[in-house]
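Participant: only geometry, no sequence info:
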């Protein structure tokens, strides 16, 4: 079997209906479909039962979060590649899967472009044509626009201590360990931005800080492989970033000193 589509849902019946309507219209049919519902109470379970004939496996039970649910799906999947098309997300058109698998691929990760769908607008995102450390440290690739070799996530699943950033962490680890990527230059999916990953709150930034603190340690441990051009490029990238950060810090200090000087002069002039 070429592909396993995994759909994770929790109390998003309308979004799940949207995803179901989209996936069942795909012209490429060499896939299994796994639905992992977190014990929804909004009618999602009844909707899943209604469409059960389209799924190779489904379950509706409490879980420990989105990455726990995704790991459940991975443990069941039988396809060569995995795609996570969660409730509310859709493929860009009915022929996406046909275009992806029209030719044979050997790379560990296939990925393409995607659309961010907000309530009032849509933004198309074109991913970099090279899946390397520099590009991945700069920005994560949309999960729904990726097709990941099943064995990659069987080797090591998602870190369930994260609730937002675990996929980003997994791609960084994959590239550091030498996994390969292939850019597909067309639209893969439309990503629903009403979900948790687009709520840029304190928890989001706390997890991002933790991610880069941990993975930067891995990067520094890899400096001995300096002949690897990606590592050299990333090293230069962060050296440059650190340089600009130091300049900014000095500039802010100078601004504060000038402000103190201005207030001091003002005080003197008004005596």
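Facilitator: Thanks, I have it. What you are looking at is a predicted structure, and each value in this text was computed from that prediction instead of being measured. Residues are numbered from 1 along each chain as shown.
Participant: in stretch 153-171, what's buried?
Facilitator: Neighbour counts over stretch 153-171 (16 or more other Cβ atoms under 10 Å) mark 153, 157-160, 162-171 as buried. Every residue, glycine included, has its C-beta placed from N, CA and C.
Participant: restricted to helices, list these.
Facilitator: With helices taken from DSSP state H, the overlap with those comprises 153, 166, 167, 168, 169, 170, 171.
Participant: low-scoring pLDDT stretches of the stretch 1-150 of the chain, where are they?
Facilitator: In the prediction, the stretch 1-150 of the chain carries no residues with pLDDT under 70.
Participant: could you report the neighbour count for the residue nearest to residue 61 when sequence neighbours are not counted?
Facilitator: Distances taken as Cβ to Cβ, 6 or more residues apart in numbering place residue 39 nearest to residue 61, at 5.2 Å, with adjacent residues excluded. Using other Cβ atoms under 10 Å, residue 39 has 13 other residues around it.
Participant: next one: residue 53
Facilitator: The burial count for residue 53: 5, using other Cβ under 10 Å.
Participant: secondary structure class for it?
Facilitator: Three-state secondary structure (criterion: DSSP: H, G, I helix; E, B strand; the rest coil) places residue 53 in helix.
Participant: roughly how far apart are it and residue 33?
Facilitator: Summarising the geometry, the distance separating residue 53 from residue 33, computed by Cβ to Cβ, to the nearest Å, is 11 Å.
Participant: repeat that for residue 179.
Facilitator: Here the distance between residue 179 and residue 33 works out to 25 Å (Cβ to Cβ).
Participant: these two: which has the busier surroundings?
Facilitator: With other Cβ under 10 Å as the criterion, residue 179 and residue 33 differ in neighbour count, and residue 33 comes out ahead with 21 against 17.
Participant: distance between the top strand by length along the chain and the chain's centre?
Facilitator: If each strand of the chain is counted by residues according to DSSP state E, the longest one is strand 181-192. Computed by Cα atoms, centre = their mean, to the nearest Å, the chain-centroid distance of strand 181-192 equals 12 Å.
Participant: buried ones in that strand, by neighbour count?
Facilitator: Within strand 181-192, the residues scored as buried using 16+ other Cβ under 10 Å are 181, 183, 184, 187, 188, 189, 190, 191, 192.
Participant: the stretch 1-150 of the chain: helices as residue ranges?
Facilitator: Shown for the stretch 1-150 of the chain, the helices assigned by DSSP state H, counting those that start in this stretch span residues 13-23, 44-50, 66-76, 96-100, 133-138, 150-155.
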